[in-house]
Structure formats: structure tokens, C-alpha cells
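Engineer: This is a predicted model, with the sequence first.
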Amino acid sequence: MTAGPEPISEAARAALSRELSELRAERAKVAGTLDDADEPGDRADQADELQRATEADRLDTRIEEIEGRLREASAAGAPSTGTIGVGSTVGVRFGDGSESTLHLGELADADDPALVTVDSPLGRALLGHAAGDSIAYATPLGRTTAVVLSVGAPGGGS
């Protein structure tokens, strides 16, 4: 990723917002099961309470991550059409001569076969590059190269 705040596509923003809503609902349920009283209980009760508190902490951490990512994306504005970033649509020619149009996103989406996540080797290699740039990245079969043919506006991928 680049040093500054990274933009995200509208699809990714919607997915994060949905996840945030679900996490907040789950957190409210967990919070309702936590005891406020100082009543003594047996060890099983104490272990149960500790497990629920740990789950609440896990949910709080993920909620903070998503809220921070949404704030960062708002500050970043729309993805650039000159250099590749999260949300970009990219034309690529691979080392074997085949060409593809890809969407760079943060979240995997089984419904978008052209999606490349930015934490994948290809996604990391593409970030920050422009049309005409050659990139190298690792595959299960070894290192390979590709050439960026075009960089477009956000393509709606996540």
C-alpha cells in the first residue's frame, strides 16, 4: 500500500458498512450477557464470563479497524486514474501474452472473478504503478512479470 490514506470502491465501502452493522449487533448481544454484579459464582461461571468478555474485546477491535478504514477512505477520496490503487480497474498483459482487465480491491468477492485483492502478490505488485510499467511478482510456480496496459477509474469491485 502507499504511505497515505487509501481510497476504496463503493462496493468495498458497502461491504465494510454491512460488516460493521453486523458486528455492532453482535457486540450488543454479547454486552447484554456480561454480568455487572459482583456476585460470586463458581469457576464455570467465571470462565464463561471471561470468554464473553474476550469475545467483546475481539468484536471491539474489529469494529475499531473497520471504523478507521472507513474514515481513512473518506479522507482519501476517489481512487486515482493515473496510478493503481484500491478500487482501480487495470488492464494487464501477463508474461505468457494473455491480457486481462482486473479490479483491485480489499475484500475478496466470489462474484467477481476479475478481482485481485491488494494483499495478494499480484495486487501488491500493481499498487502505485501506471500504464506502461512492468511489474514482477511471485506465483506458486515462481516469479513472473506483467505489463500494465491501462489504469481506469474505480470499476465497482471491492
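Structural biologist: Looks like it came in fine. Residues are numbered from 1 along each chain as shown.

Engineer: C-alpha only now, for contacts and for neighbours.
Structural biologist: Fine.

Engineer: Quick check: phi and psi on the residue sitting nearest the centre point of the chain?
Structural biologist: Centroid check for the chain by Cα atoms, centre = their mean gives E106 as the closest residue, at 3.0 Å. With angles defined as degrees, to the nearest 10, E106 sits at phi -90, psi -30.

Engineer: list the helices and strands the longest strand seen in the chain packs on?
Structural biologist: Taking DSSP state E as the criterion, the chain has its longest strand at strand 142-152. Packing contacts for strand 142-152, counted by 3 or more Cα pairs under 8 Å, 6 or more residues apart in numbering; DSSP states H and E, involve strand 89-94, strand 134-139.

Engineer: Quick one: list the elements packing against the first one.
Structural biologist: I take that to be strand 89-94. strand 99-105, strand 142-152.

Engineer: now do the last one
Structural biologist: Using 3+ Cα pairs under 8 Å, 6+ apart, the elements in contact with strand 134-139 are helix 121-126, strand 142-152.

Engineer: Need the mean per-residue confidence for the longest one.
Structural biologist: If I follow you right, that is strand 142-152. Mean per-residue pLDDT for strand 142-152: 92.

Engineer: Tell me the buried residues in that strand?
Structural biologist: 145-152 (16 or more other Cα atoms under 10 Å).

Engineer: With the shortest one instead?
Structural biologist: Buried positions in helix 121-126, judged by neighbour count with 16+ other Cα under 10 Å: 122-126.

Engineer: low pLDDT regions in this protein?
Structural biologist: Scanning the chain for pLDDT under 70 picks out 1-11, 35-41, 76-81, 109-111, 153-158.

Engineer: Need the single longest helix in it, by residues.
Structural biologist: helix 43-76 (DSSP state H).

Engineer: Show me which residues of it are buried.
Structural biologist: Buried-residue list, helix 43-76, by 16+ other Cα under 10 Å: 52-53, 55-56, 59, 63, 66, 69-70, 72-73.

Engineer: would you turn the residues you listed into JSON lines with distance to V92?
Structural biologist: Output for these, formatted as JSON lines (distance: Cα to Cα, whole Å):
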{"residue": "R52", "distance to V92": "48"}
{"residue": "A53", "distance to V92": "48"}
{"residue": "E55", "distance to V92": "43"}
{"residue": "A56", "distance to V92": "43"}
{"residue": "L59", "distance to V92": "38"}
{"residue": "I63", "distance to V92": "35"}
{"residue": "I66", "distance to V92": "30"}
{"residue": "R69", "distance to V92": "28"}
{"residue": "L70", "distance to V92": "29"}
{"residue": "E72", "distance to V92": "28"}
{"residue": "A73", "distance to V92": "25"}
